[in-house]
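Engineer: What shape does this take:
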Amino acid sequence: MRLAVPTPEDMEDVGAVLSMGTGGGDTILLGGDLGAGKTCLSRGFVQARTGDPDMRVTSPTYLLSNSYPADGGDIIVYHMDLYRLKGGEDLEPLDMDNVVKNGICLIEWPSRLGEELPPDRLDITFRIHDGDETEEEEDEESITRFLTLRAHSQKWEQRLKTLEAEGYLDDLLLD
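Structural biologist: Numbering: from 1, shown residues only. Model prediction:
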């Protein structure tokens, strides 16, 4: 699935839509261009999934991981940024096995996971330009971001099909 996302508000809406029906063991890997909206999508996801539209959701770049309770604390949404890590032993303090198995994970810079990618996941690749753009835009917030969503399990394939069939992303779909 490919999306063109024109505004930060639309990016947050995509995150909110993707949060629907998520539970323990759900992982979304967020890769691609720096400044392309990974944290913005995560903000919409976390605010929707926790039911708190005013929740402050910031980039975990320096903290590595922010956690947000959902469902009355029964589930935790983890928003991780692995940019500053090299992988391997650097990941040990994050308790990745436990977090991925029991929490809902949004992981920025998933390339740092190396071969340890969760098999049941949704990959989202963010691009500021899709290669067809020739026109430069003045305001960075008005630059369209392009997302490619790839399911790596039947569960995520079905979720994406449902979102498309129900029309949740119609105004953003490219394909």
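Engineer: And the strands in the chain, which stretches?
Structural biologist: 2-5, 27-32, 65-70, 75-81, 104-108, 122-127, 145-151 (DSSP state E).
Engineer: Other residues contacting the helix or strand of the chain with the lowest mean pLDDT?
Structural biologist: Lowest mean confidence among the helices and strands of the chain (mean pLDDT, DSSP states H and E): helix 96-102, at a mean of 84. Residues from elsewhere that reach helix 96-102, judged by Cβ atoms under 8 Å, 6 or more residues apart in numbering: 24-25, 27, 65, 76, 78, 80, 105, 113, 116, 118. From N, CA and C alone the C-beta is placed, and that goes for glycine too.
Engineer: cool, stretch 162-175 as well?
Structural biologist: The contact list for stretch 162-175 (Cβ under 8 Å, 6+ apart) reads 1-5, 10, 14, 17-18, 20, 146.
Engineer: CA atoms only: put that stretch into PDB for me.
Structural biologist: The C-alpha coordinates for stretch 162-175 follow below in PDB (Å, rounded to 0.1, in the frame of the first residue of the first chain):
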ATOM      1  CA  THR A 162      -9.800  -3.900   6.000                       C
ATOM      2  CA  LEU A 163      -8.500  -0.300   6.200                       C
ATOM      3  CA  GLU A 164      -8.600  -0.100   2.400                       C
ATOM      4  CA  ALA A 165     -12.000  -1.700   2.100                       C
ATOM      5  CA  GLU A 166     -13.500   0.500   4.800                       C
ATOM      6  CA  GLY A 167     -12.200   3.600   3.100                       C
ATOM      7  CA  TYR A 168     -10.100   4.900   6.100                       C
ATOM      8  CA  LEU A 169      -7.300   6.000   3.900                       C
ATOM      9  CA  ASP A 170      -9.000   6.700   0.500                       C
ATOM     10  CA  ASP A 171      -8.000  10.300   0.300                       C
ATOM     11  CA  LEU A 172      -4.300   9.300   0.700                       C
ATOM     12  CA  LEU A 173      -4.000   6.100  -1.400                       C
ATOM     13  CA  LEU A 174      -1.700   6.200  -4.400                       C
ATOM     14  CA  ASP A 175      -2.200   2.600  -5.700                       C
END
